[in-house]
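Asks: the sequence isn't on hand, but the structure is:
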């Protein structure tokens, strides 16, 4: 009997060792597969990025080359979004930095190909300063300047920009309501900069959205087909859907988000997130135009590049409690 029990224990020990060896082998194989995928991604991504950069360097005024570079950059963005599941944090960060550089290059190439007149402003009247909430922005002017924007009754001069321009923007404003229609922003790059205490409504589907030096603002935007870049934003509320969100130097800001990859923050504190909840009549049509997946929302999956402690939540961002979330945006 004792010999039988000993044999049984030896068999169990041998089986356990064999199973452990098999688990280790499978783990090594899985790691090798991930490394192989990562190497393939990095090689393919960097080769395509270099090709797009070369394409941009020779764009000049050739619109067809600029359109090709834009389309290939969007495809590269999709390639990255589809690969986030197996990339390391370093690989992901490097790829996103490369994409941001391409986006900047595209904006510069568009400005070179389609030069825009600089916006000019007059000082606002005292009446406008006393009642900034009456200012409403961006309705087409006359037939001679079809893409000009005139904030109503705020004393600000007309903002003249050629209709061919691929970028539209609001800059250097305080205490006004600003609106752009789908016709004005569809598939364009939108830039909002140096805005204070403003309420902004962006209807339609921009290509990209850049927010820079924003303070005390409420900014609501339709589906952005690629990326949203935020830099130096404070004490604000944002609502936006996009493929990718990258946020820098931002404090005490609430973000109502629909994002199909993962949100990224860096050098931020006091940033809180909730699901995107703004709505307007053509929202669903704009989601179709943008190409965003309506059913895929990673609003609570946030990567903080300043907090790499595995298994511990970053203190720089939080989830907005359900009872504190805003659900009504416009009267």
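Replies: Looks like it came in fine. Quantities reported herein were computed from a predicted structural model and do not represent experimental measurements. Numbering: from 1, shown residues only.
Asks: low-confidence stretches in this protein?
Replies: For the chain, residues meeting the criterion pLDDT under 70 lie at 1, 25-35, 58-63, 113-167, 331.
Asks: which stretches of it form helices?
Replies: 2-57, 63-83, 89-113, 126-130, 182-185, 283-290 (DSSP state H).
Asks: how about the fifth one, which residues are buried there?
Replies: Right, helix 182-185. By neighbour count with 16 or more other C-beta atoms under 10 Å, helix 182-185 contains the buried residues 182, 184, 185. Just so you know, the C-beta spots here come from the backbone N, C-alpha and C atoms, and that holds for glycine as well.
Asks: for those, which one is nearest residue 80?
Replies: Using C-beta to C-beta, the shortest approach to residue 80 within the buried residues of helix 182-185 belongs to residue 185, at 24.1 Å.
Asks: in this structure that closest one contacts residue 202, no?
Replies: Yes. Using C-beta atoms under 8 Å, residue 185 is in contact with residue 202, at 6.0 Å.
Asks: residues that sit against both of those two, list them.
Replies: residue 222 (C-beta atoms under 8 Å, 6 or more residues apart in numbering).
Asks: in terms of residue numbering, what are the domains of this structure?
Replies: If you go by automatic domain parsing, the domain ranges for the chain are 2-113, 126-324.
Asks: distance to residue 279 for the buried residues of helix 182-185 - can I get that in TSV?
Replies: Listed next are the buried residues of helix 182-185 as TSV, based on distance: C-beta to C-beta, whole Å:
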residue	distance to residue 279
182	15
184	20
185	18
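Asks: could you export the domains of the chain as JSON lines, including distance to residue 330?
Replies: Compiled in JSON lines, the domains of the chain are given as follows (distance: least, C-beta to C-beta, whole Å):
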{"stretch": "domain 2-113", "distance to residue 330": "30"}
{"stretch": "domain 126-324", "distance to residue 330": "8"}
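Asks: comparing these, which comes out most buried?
Replies: Highest mean neighbour count among the domains of the chain (mean count of other C-beta atoms under 10 Å): domain 126-324, with a mean of 18.
Asks: circling back: can I get the helices of the chain in CSV including distance to residue 198?
Replies: Formatted as CSV, the helices of the chain follow (distance: least, C-beta to C-beta, whole Å):
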stretch, distance to residue 198
helix 2-57, 33
helix 63-83, 29
helix 89-113, 22
helix 126-130, 13
helix 182-185, 16
helix 283-290, 22
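Asks: now the end-to-end length of stretch 260-269.
Replies: With C-alpha to C-alpha, to the nearest Å as the measure, stretch 260-269 spans 23 Å from end to end.
Asks: now do that stretch: distance to the chain's middle.
Replies: A distance of 9 Å separates the centroid of the chain from that of stretch 260-269, by C-alpha atoms, centre = their mean, to the nearest Å.
Asks: cool, stretch 262-270 as well?
Replies: For stretch 262-270, the distance to the chain centre is 12 Å (C-alpha atoms, centre = their mean).
Asks: now do it: distance from first to last residue.
Replies: Terminal residues of stretch 262-270 lie 18 Å apart, using C-alpha to C-alpha.
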